[in-house]
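Colleague: quick one: sequence and predicted model below, then my questions.
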Amino acid sequence: MKSNFDRCLAEVLRHEGGYVNDPHDPGGETNMGISKRSYPNENIKGMTRARAAEIYRRDYWNPVRGDDLPAGLDLVAFDAAVNSGVSRGAKWLQSALGAPADGKIGPQTLAAAKAAHPEAVIDRATGARLAWLRTLKTWSRYGKGWTRRVESVREKAIAMSKATTPNATEPAAPSGFIAALLALFKSMFGGKA
């Protein structure tokens with residue numbers, strides 16, 4: 001969703017943290033999730049939030065079409081892209097939607113996303129992501145953190161989707177003639193219409 005980048009970025013950065021140089025991390029020197037291995041010409045230790053946001057928008061958000069995805073699904077694809085690669089993030093979302101999983105979000109995926117029940121898609125995509133993470137040789141070292149991250153993303157994505165998806169069980173507020181009629185009854189019967 002176009003207006004959701006900053007909220008999704010905040011969630012990603014909450015999990016990525018600050019500067020680290022963990023010898024067990026294949027990315028090596030990393031700051032806010034931006035690694036020296038992926039960005040050898042960047043000043044990783046001096047990385048600013050603004051520069052990280054530029055990189056995340058250009059290299060992760062835009063390729064997963066975050067501006068075009070419904071709220072919640074944008075976070076699921078974006079966070080997975082950051083953590084496991086753009087193609088994987090796209091494929092997990094596509095598979096969860098029942099769309100062709102080619103790793104490139106295009107018109108078919110976007111149409112499926114707009115027609116989907118977000119909560120079910122979010123559950124399937126994050127479930128597939130966690131299943132894949134469990135296969136990695138670094139699972140024993142990072143598995144608890146990855147599990148917390150994926151579960152947090154799932155919860156936040158569901159909340160985002162509910163905030164922008166009308167609740168079908170709640171009737172729309174009356175308008176026009178019906179609203180006027182209700183107002184008349186309330187005035188006649190002391191607000192008990």
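Modeller: Thanks, I have it.
Colleague: and T30, its phi and psi?
Modeller: The phi and psi values for T30, taken as degrees, to the nearest 10, are phi -140, psi 140.
Colleague: contacting residues around it?
Modeller: Shown in contact with T30 (CB atoms under 8 Å, 6 or more residues apart in numbering): 16, 19-22, 36, 44. Quick note: C-beta positions are derived from backbone N, CA and C, even for glycine.
Colleague: go on, S161?
Modeller: S161 neighbours (CB under 8 Å, 6+ apart): 70-73, 118-119, 122.
Colleague: tally of neighbours for L73?
Modeller: Counted with other CB atoms under 10 Å, residues neighbouring L73 total 32.
Colleague: spatially nearest residue to it (excluding sequence neighbours)?
Modeller: A113 (5.3 Å; CB to CB, 6 or more residues apart in numbering).
Colleague: check D74 too.
Modeller: Per CB to CB, 6+ apart, closest to D74 is G66, 4.4 Å.
Colleague: what about the closest residue to K2 other than its chain neighbours, is that helix, strand or coil?
Modeller: Closest residue in space to K2, ignoring its immediate chain neighbours: D67 at 4.3 Å, by CB to CB, 6+ apart. The three-state label given to D67 by DSSP: H, G, I helix; E, B strand; the rest coil is coil.
Colleague: was I right to think D67 contacts M1?
Modeller: Yes - applying CB atoms under 8 Å, one finds D67 in contact with M1, separated by 7.1 Å.
Colleague: on that earlier part again, got a list of what the residue nearest to K2 touches?
Modeller: D67 touches 1-2, 5, 61, 74, counting by CB under 8 Å, 6+ apart.
Colleague: swap the cut-off to 10 Å and go again
Modeller: 1-5, 57, 61, 74 (CB atoms under 10 Å, 6 or more residues apart in numbering).
Colleague: please apply the same query to R14.
Modeller: 149, 152-153, 156.
Colleague: now do the strand or helix carrying it, average pLDDT.
Modeller: In the assignment (DSSP states H and E), R14 maps to helix 5-16. Helix 5-16 shows a mean pLDDT of 96.
Colleague: need the mean per-residue confidence for stretch 80-88.
Modeller: 96.
Colleague: same thing with stretch 134-143?
Modeller: Stretch 134-143 comes out at a mean pLDDT of 94.
Colleague: so who does the closest residue to M1 other than its chain neighbours touch?
Modeller: Using CB to CB, 6+ apart and skipping residues adjacent in sequence, the residue nearest M1 is A71, 4.4 Å away. A71 sits next to 1-4, 7-8, 118, 157, 159-165 when contact means CB under 10 Å, 6+ apart.
Colleague: got the phi and psi for A71?
Modeller: A71 adopts backbone torsions of phi -60, psi 140, taken as degrees, to the nearest 10.
Colleague: where's it relative to A120, distance?
Modeller: 15 Å (CB to CB, to the nearest Å).
Colleague: repeat for T147
Modeller: Going from T147 to A120 by CB to CB gives 21 Å.
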